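**Student:** Curious how this folds, go ahead:
(one chain, ligands or ions: 1)
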Amino acid sequence: VFKKIRNEQFKGKVVTAEEAASWIKNGMKLGMSGFTRAGDAKVIPMALVERAKTEKFKVDVYTGASLGPEVDQHMAEAGIINKRLPFQADKGIRNKINADEVTYVDQHLSHTAEQVRQGIVGPIDFAIIEALAITEDGLIIPTTSVGNSAIFVQEAKHVIIELNVSHPEGLEGMHDIYTPAKQGEREPIPMTKASDRLGSIGIAVDPEKVMGIVVSTDLDAPSTIVPPDEETATIANHLINFLRGEIKAGRLTESLAPLQSGVGSVANAVFAGFLDSEFKDLEVYSEVLQDAVFDLIDAGKVKFASGCSITLAEEKGKQVYGELEKYRDKLVLRPQEISNHPEIIRRLGLISINTALECDIYGNVNSTHVSGTRMMNGIGGSGDFARNSRLGIFVTKSYAKGGKISSIVPFVSHVDHTEHDVDVLVTEQGIADLRGLAPKERVELIIENCAHPDYRPQLRAYFTEAVAQTGGHQTPHILEKAFSWHTNLAKNGTMLEAVLQDQK
Ligand code: 0RQ
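**Tutor:** Okay, the predicted model is just below:
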């Protein structure tokens with residue numbers, strides 16, 4: 001342990017998780033490390049869960065993104081989370097959110113740091129940060145993610161460090177911590193390439209603010225990603241053919257442009273699809289680096305990857321962390337306000353690929369709310385990227401739940417990405433390039449290329465009726481029918497007209 005605490009001012013601060021947890025009082029606001037199950041503080045949350053057995057209290061939990069089971073399952077189920085932001089992806093907390101037991105702020109991931117800096121989110125009582133080491137200069141070296149840790153440490157009243165001795169030492173040097181000044185006093189972010197380094201290898205902290213250091217050996221919970229299936233592989237193929245067209249049109253070269261992909265099975269499958277492509281010298285400028293990114297590095301397809309966290313399935317994690325040296329000069333981990341910063345996304349001209357739950361005939365996308373009301377995970381970084389990238393691409397299967405749900409609907413039941421932010425839509429059926437098209441021009445393209453064949457006739461019928469009824473307004477809708485597909489699903493268990501007719 002003392003090899004990892006390399007600054008004298010920190011050495012006397014080691015305490016137990018129980019002691020650190022006892023400092024946390026009812027009503028406090030915690031800024032915790034962790035992004036998509038990577039780099040979370042783990043033992044202090046579990047000590048809080050233990051305390052909840054004999055004491056009633058609630059805290060607000062702010063993080064980088066979704067956390068592993070310690071917080072988003074166990075703390076949630078213990079009933080000690082009052083408010084949570086900006087992203088989650090666990091059934092335990094999702095159920096509490098949708099049962100009105102946890103208040104959830106679903107936020108663009110680049111926005112949290114700005115709101116912490118302004119004191120809108122906060123003031124933060126404790127930053128609880130997992131660390132690999134504390135350097136001679138007193139820098140906190142993060143572990144497998146950076147998330148919002150730097151801004152939490154900067155703005156919190158007190159800091160607790162979870163020194164995790166199980167992570168590989170080779171992670172040191174992979175982080176690039178750059179924190180913009182407050183708005184109004186800010187310089188341009190000095191980045192012109194995905195591989196640029198802007199800051200220091202760790203998070204600067206006033207030693208006076210560090211109340212304790214808790215030693216931990218718990219590893220990150222592995223990602224639960226499922227391997228590509230036939231349909232997600234087909235989605236990847238459509239997308240790759242589309243990118244070939246962009247090269248032919250002279251808008252891209254074989255090294256494309258820096259790539260971003262969202263979290264989840266579809267997004268990972270799309271990246272896996274690049275393995276068999278002719279594209280080369282690719283760069284990744286993303287937030288989560290999932291398994292497929294490392295496969296692409298191994299295959300020599302990706303020459304550099306910038307992210308904010310590394311989230312791997314169990315086997316892939318063993319391989320990557322077992323030979324970290326191999327990836328050292330090809331990787332950098334940044335704070336999420338940099339990985340997701342609109343200024344950088346626009347400057348680098350990213351190709352961004354994120355996942356929709358549903359999309360409507362005009363191109364609006366819902367990524368977060370099942371049937372308009374129930375929270376799934378959250379918008380995450382998808383909005384940061386979609387709006388500001390060169391190409392905002394959304395992928396989804398054309399149907400869900402065995403065909404009872406069409407992913408293409410007349411009107412999305414919740415809007416995360418407006419028709420202005422969605423350039424290209426891809427399903428296993430095909431691809432719709434919506435760029436430069438007016439709403440009515442997009443309709444047939446989306447129906448013919450992306451909707452499941454079973455649903456095409458009823459989508460066309462809706463549009464025809466909407467045009468007739470409005471006399472061809474800019475965006476024709478029949479307001480009393482716009483959500484009829486969702487109400488049919490709720491009442492009768494399917495959106496499919498043919499089945500509904502049979503039921504009658
Ligand atoms: O349900 O798990 O019960 O089978 O939704 O769908 O097809 O497995 O896809 O794992 O990629 O998740 C949008 C949720 C997709 C995710 C979403 C049901 C479907 C299945 C999952 P089951 P799939 P994925 C980077 C950027 C938003 C945040 C984001 C997500 C389950 O990708 O949260 O992109 N994205 N952030 O059956 C009802 C529909 C449905 C539906 C699918 N129309 N109605 N249920 N499902 N379509 C991440 C960060 O920023 C951190």
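
**Student:** Those residues of this protein touching the ligand, which are they?
**Tutor:** Applying CB under 6 Å from any ligand atom, we find that the chain lies next to the ligand at 36, 65, 87, 109, 262-267, 287-288, 354-355, 357-358, 367, 370, 376-377, 379-382, 397, 400-401, 405, 407. Glycine gets a C-beta too; all of them are placed from N, C-alpha and C.

**Student:** So Pro45 sits against Val71, correct?
**Tutor:** Yes. In this structure, Pro45 is within contact of Val71 by CB atoms under 8 Å, at 4.9 Å.

**Student:** which residues do those two both contact?
**Tutor:** Met32 (CB atoms under 8 Å, 6 or more residues apart in numbering).

**Student:** What lies in contact with the host helix or strand of Glu130?
**Tutor:** Assigned by DSSP states H and E, Glu130 belongs to strand 126-131. Identification of contacts with strand 126-131 by CB under 8 Å, 6+ apart yields 23-24, 28, 30-34, 39-42, 44, 140-143, 149, 152-153, 155-164, 203, 211, 216.

**Student:** List the residues that contact the residue of the stretch 1-150 of the chain at minimum distance from the ligand.
**Tutor:** Per CB to the nearest ligand atom, Ala65 is where the stretch 1-150 of the chain lies closest to the ligand, at 4.0 Å. Taking CB under 8 Å, 6+ apart, we find Ala65 in contact with 34-36, 86-87, 89, 109, 147, 287-288, 309, 336, 380-381.

**Student:** switch to 6 Å and redo it
**Tutor:** By CB atoms under 6 Å, 6 or more residues apart in numbering, Ala65 lies in contact with 35-36, 87.

**Student:** Same question for Tyr399.
**Tutor:** Residues in contact with Tyr399 (CB under 6 Å, 6+ apart) are 406, 452.

**Student:** that older thread, comparing Pro45 and Val71, which residue is more hemmed in?
**Tutor:** Val71 (31 against 28; other CB atoms under 10 Å).

**Student:** Would you check how far apart His473 and the ligand are?
**Tutor:** 26 Å (CB to the nearest ligand atom, to the nearest Å).

**Student:** Can you give me the pLDDT of that residue?
**Tutor:** The score at His473 is 98. That number is its pLDDT.

**Student:** Relative to the strand holding Glu130, what are the paired strands and their orientations?
**Tutor:** In the sheet, strand 126-131 lines up against strand 29-32 (parallel), strand 158-164 (parallel) (DSSP bridges).

**Student:** What is the neighbour count of the residue nearest to Thr192 when sequence neighbours are not counted?
**Tutor:** Nearest residue to Thr192 in three dimensions, chain neighbours excluded: Arg347, at 6.9 Å (CB to CB, 6 or more residues apart in numbering). Residues contacting Arg347 under the criterion other CB under 10 Å number 15.

**Student:** Arg347 and Glu114, how far apart?
**Tutor:** Arg347 sits at a distance of 18 Å from Glu114 (criterion: CB to CB, to the nearest Å).

**Student:** Give the rounded mean pLDDT of the strand holding Glu130.
**Tutor:** Strand 126-131 shows a mean pLDDT of 98.

**Student:** could you dump it to CSV, C-alpha only?
**Tutor:** Provided in CSV are the C-alpha atoms of strand 126-131 (Å, rounded to 0.1, in the frame of the first residue of the first chain):
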residue,chain,number,x,y,z
PHE,A,126,-17.7,14.3,-0.6
ALA,A,127,-15.8,13.2,-3.8
ILE,A,128,-15.2,9.5,-3.5
ILE,A,129,-12.7,8.5,-6.0
GLU,A,130,-11.1,5.1,-6.9
ALA,A,131,-7.3,5.5,-7.4
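
**Student:** what about that strand, distance to the chain center?
**Tutor:** 20 Å (CA atoms, centre = their mean, to the nearest Å).

**Student:** Give me the residues contacting whichever helix or strand comes after it.
**Tutor:** As assigned by DSSP H and E, the chain's next helix or strand after strand 126-131 is strand 133-134. Strand 133-134 has contacts (CB under 6 Å, 6+ apart) with 4-5, 7, 10, 141.
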